[in-house]
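Chemist: Any chance you can model this:
(chains A and B)
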Amino acid sequence: MSLDYVKFSNGFEKFMPKEYRDMVEHGPFGKKVSVSQMGSFKEVLEEHPMCAGCAMTLFIRLAIIAFPNPEDTITVGTAGCGRLAISQAAIPFVYGNYGDQNGVASGLSRGLRLRFGDKPKDVVVMAGDGGTADIGFQQVLHSWFRRERFTTIMLDNEVYGNTGGQESGMTNRGAVLKMAPLGKKFEKMDMLQMAKVAGCAYVATVVPNNPRRVESVIKKAVLIAREVGSTYIQAYTSCNIEYAIPTDKVMEDAKTVENDRYQFTEYVSEEAKQYLTERYGYKEFLAKPAAPAAAIPGKA
Amino acid sequence: MYLVADISVEICAAKSCKLCTQYCPEANTIQYSDEMGKDRGFKYGSAYVAVDRCKGCAQCVWVCDNMAKNNAIKMIMIDQLPMAALTDNITYGEKSTTAVLASPVVG
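Modeler: Modelled structure (predicted):
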């Protein structure tokens, strides 16, 4: 949980594998990196067993690059595809029992604040739609009502992809899946509205076909969670296996879905806007200067 | 044998949009080298693929063809590639990487 843990122990440098040496010497720890520099520095994420062309993997890759302080971050996950990649990153990863990831993150976040005081230590939950909206629903919602200060990211592939294609609460109405052959009979859960009602300070939807937007959304969510309250990001990360999307068409599908039902939305509470502006110099929330009265059509 | 992505240095070094590096789902697979195009007289550097990490999904091909409209990436059987970059031969620098190309198929 500091830059110390990404250094070599004395005398061990020559025995470390190349990937580890690259990460210590050319990784993002202690530096500012952005998606525009991708391909030029050693990433925290390593090789992982997720399927070829998986959009969730791309999102996780972008998210990890976007963490403001990767050396001071802990990720929390639960059963599901995502943990196969998140656990292969050089960031401490806590694997909760199915559904208790937001409970674990609550304790972790509070414990880190007691131990490190004002020094920011970020806790980021990344779990699938099943872990967040179905099995972990109760703990997720309660952590939001308690205003626990950490970020919850839903990797929404709209299916239980890891167990053969059962419908989840986030599956769209009418979707026919291998283990839901009659089609889903209920609407997709509106987790965004629930997050707002439960008092999240920041709520956003994002699709990984816009890397810069993913980076910006993750940064804002993690920074707001440091002091203001719970933050929630819902990311569309298609399952190309269960929805039979050819791997070279995954980004085309992401674009189609973004235009259809996953348009970018962002809710930032007034307190969070003020915090980002004053503490981190964000300019996008500053009040725009009023236009001259003559320029407003219809006004004499 | 299996397919891996192959980036044409001639096309990439003329445009250098770097979109493929941002859209590959695998970490440190499509890398960028400032020297790879410049040493052959092109304006920019070029992206290249660490073929031992490529899973052959061809997402970069769609991005290069449809978003960047450069058509610089093709899927090629790995034994048809005479020389390619491998993770062990990639060196990281301050702002870019360098790769010593080698035959990807042993024996």
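Chemist: going forward, measure contacts between C-alpha atoms and count neighbours the same way
Modeler: Will do.
Chemist: Tell me, what's the model's pLDDT at B:Lys15?
Modeler: Here, the pLDDT recorded for B:Lys15 equals 89.
Chemist: I'd say it and B:Phe42 touch.
Modeler: No. Judged on C-alpha atoms under 8 Å, B:Lys15 makes no contact with B:Phe42 at a distance of 9.6 Å.
Chemist: Report whether the longest helix belonging to chain B contacts chain A.
Modeler: The longest helix of chain B (DSSP state H) is helix B:9-15. No. Helix B:9-15 stays clear of chain A (C-alpha under 8 Å from any C-alpha of the partner chain), getting no nearer than 14.1 Å.
Chemist: helices or strands up against that helix?
Modeler: Applying 3 or more C-alpha pairs under 8 Å, 6 or more residues apart in numbering or on different chains; DSSP states H and E, one finds that helix B:9-15 contacts helix B:35-38, strand B:46-49.
Chemist: The last one - contacts with which helices or strands?
Modeler: This means strand B:46-49. So strand B:46-49, by 3+ C-alpha pairs under 8 Å, 6+ apart, packs with strand B:3-7, helix B:9-15, strand B:30-33, helix B:35-38.
Chemist: Can you identify the element that follows that strand toward the C-terminus?
Modeler: Next helix or strand after strand B:46-49 toward the C-terminus (DSSP states H and E): helix B:59-62.
Chemist: For stretch A:94-102, list every residue counted as buried.
Modeler: Within stretch A:94-102, the residues that qualify as buried are A:94-96, A:98-102, counting by 16 or more other C-alpha atoms under 10 Å in any protein chain shown.
Chemist: mind listing what the residue most central in space within chain B touches?
Modeler: Taking C-alpha atoms, centre = their mean as the criterion, B:Tyr48 is the residue nearest the geometric centre of chain B, at 1.8 Å. Shown in contact with B:Tyr48 (C-alpha atoms under 8 Å, 6 or more residues apart in numbering or on different chains): B:6-7, B:9, B:30-33, B:85.
Chemist: mind showing which ranges of chain B have poor pLDDT?
Modeler: B:107 (pLDDT under 70).
Chemist: Just the ones of the buried residues of stretch A:94-102 in strands?
Modeler: Among the buried residues of stretch A:94-102, the members falling in strands (DSSP state E) are A:94-95.
Chemist: Any chance of JSON lines for the buried residues of stretch A:94-102, columns pLDDT and distance to chain B?
Modeler: JSON lines is the format used below for the buried residues of stretch A:94-102 (pLDDT from 0 to 100; distance: C-alpha to the nearest C-alpha, whole Å):
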{"residue": "A:Val94", "pLDDT": "96", "distance to chain B": "21"}
{"residue": "A:Tyr95", "pLDDT": "94", "distance to chain B": "22"}
{"residue": "A:Gly96", "pLDDT": "87", "distance to chain B": "25"}
{"residue": "A:Tyr98", "pLDDT": "87", "distance to chain B": "25"}
{"residue": "A:Gly99", "pLDDT": "89", "distance to chain B": "26"}
{"residue": "A:Asp100", "pLDDT": "94", "distance to chain B": "28"}
{"residue": "A:Gln101", "pLDDT": "96", "distance to chain B": "25"}
{"residue": "A:Asn102", "pLDDT": "97", "distance to chain B": "26"}
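Chemist: count of neighbours near B:Val106?
Modeler: B:Val106: 6 surrounding residues under other C-alpha atoms under 10 Å in any protein chain shown.
Chemist: Could you tell me how far it is located from chain A?
Modeler: From B:Val106 over to chain A the distance is 20 Å, taken as C-alpha to the nearest C-alpha, to the nearest Å.
Chemist: That residue is in what secondary structure piece?
Modeler: Short version, using DSSP H and E: B:Val106 is in no helix or strand.
Chemist: Check which helices and strands whichever strand or helix holds A:Thr256 is in contact with.
Modeler: If you go by DSSP H and E, A:Thr256 is part of helix A:250-260. Judged by 3+ C-alpha pairs under 8 Å, 6+ apart, the packing partners of helix A:250-260 are helix B:59-62.
Chemist: The next helix-or-strand element following the helix it packs on pairs with which strands, parallel or anti?
Modeler: The helix or strand immediately downstream of helix B:59-62 is strand B:73-77, counting by DSSP H and E. When pairing is defined by DSSP bridges, strand B:73-77 lines up against strand B:3-7 (antiparallel).
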